[in-house]
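Peer 1: make a model of this:
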Amino acid sequence: MLHLLLIEDNPADVMMIREALRGSPIPADVAIAYDGEQAVKLLEGVGSKSDFIILDLSIPKGDGHSFLQRQKASNGPPIVVFTSSSNGEDRRLALENGASDYVIKPANFNAFVQAVQEIVERWATSRPLGHSS
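Peer 2: Coordinates of the predicted model:
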């Protein structure tokens with residue numbers, strides 16, 4: 001089973017990501033943090049067992065870039081930035097600060113679901129499931 005930490009403050013996006021995961025052939029257990037403080041707390045607990053993290057850059061109580069900087073030296077699970085920001089500087093900073101991938105959220109529901117399923121397939125198959133390092 002895939003263990004995923006989702007850091008996302010938008011309830012509609014959380015709902016769509018859950019829908020995408022339900023349609024994925026890879027079963028997933030998802031822990032959700034709605035802000036930066038919750039994300040740090042979850043990472044210290046259940047999140048430390050995550051296979052990878054999906055991170056929105058625009059989160060309250062600590063933005064996504066701050067979270068990436070904090071995690072960069074921790075040798076934690078891969079972090080996939082999944083954001084609506086198409087700003088080249090956001091992309092550059094995210095990758096410089098340790099993001100493993102940067103994916104822009106599609107506006108269309110079906111494309112959004114497909115993007116999430118592609119992220120899950122790519123990152124779930126890049127490491128043995130249930131084994132974060």
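
Peer 1: residues touching stretch 9-19, excluding its own?
Peer 2: Contacts to stretch 9-19, defined as Cβ atoms under 8 Å, 6 or more residues apart in numbering, come from residues 6, 8, 30, 32, 34-35, 54, 56, 58-60, 105, 109, 112-113, 116. In short, each C-beta sits where N, CA and C put it, glycine included.

Peer 1: same question, stretch 26-45
Peer 2: 1-9, 14, 17-18, 21, 46-47, 50, 55, 59-63, 66-67, 70-71, 76, 120-121, 124, 129.

Peer 1: excluding chain neighbours, what is closest to Leu95?
Peer 2: Tyr102 (6.0 Å; Cβ to Cβ, 6 or more residues apart in numbering).

Peer 1: show me where the chain has its strands.
Peer 2: 2-7, 28-33, 52-55, 79-83, 101-104 (DSSP state E).

Peer 1: could these go into TSV alongside mean neighbour count?
Peer 2: Listed next are those as TSV, based on neighbours: other Cβ atoms under 10 Å:
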stretch	mean neighbour count
strand 2-7	24
strand 28-33	18
strand 52-55	26
strand 79-83	25
strand 101-104	17
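
Peer 1: turn the ones you listed into CSV, columns for mean pLDDT and distance to Asp90.
Peer 2: Output for the strands of the chain, formatted as CSV (pLDDT from 0 to 100; distance: least, Cβ to Cβ, whole Å):
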stretch, mean pLDDT, distance to Asp90
strand 2-7, 93, 15
strand 28-33, 93, 20
strand 52-55, 95, 12
strand 79-83, 97, 7
strand 101-104, 98, 8
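
Peer 1: alpha carbons of the lengthiest helix in the chain, in CSV - could you do that?
Peer 2: When the chain is parsed with DSSP state H, its longest helix is helix 109-124. C-alpha atoms of helix 109-124 as CSV (Å, rounded to 0.1, in the frame of the first residue of the first chain):
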residue,chain,number,x,y,z
PHE,A,109,-11.4,18.2,-13.5
ASN,A,110,-10.5,15.2,-15.7
ALA,A,111,-7.0,16.5,-16.4
PHE,A,112,-6.6,17.2,-12.6
VAL,A,113,-7.5,13.6,-11.8
GLN,A,114,-5.2,12.3,-14.5
ALA,A,115,-2.3,14.4,-13.3
VAL,A,116,-2.7,13.1,-9.7
GLN,A,117,-2.9,9.5,-11.0
GLU,A,118,0.3,10.1,-13.1
ILE,A,119,2.1,11.5,-10.0
VAL,A,120,1.1,8.5,-7.9
GLU,A,121,2.1,6.0,-10.6
ARG,A,122,5.4,7.6,-11.1
TRP,A,123,6.4,8.1,-7.5
ALA,A,124,4.9,4.9,-6.2
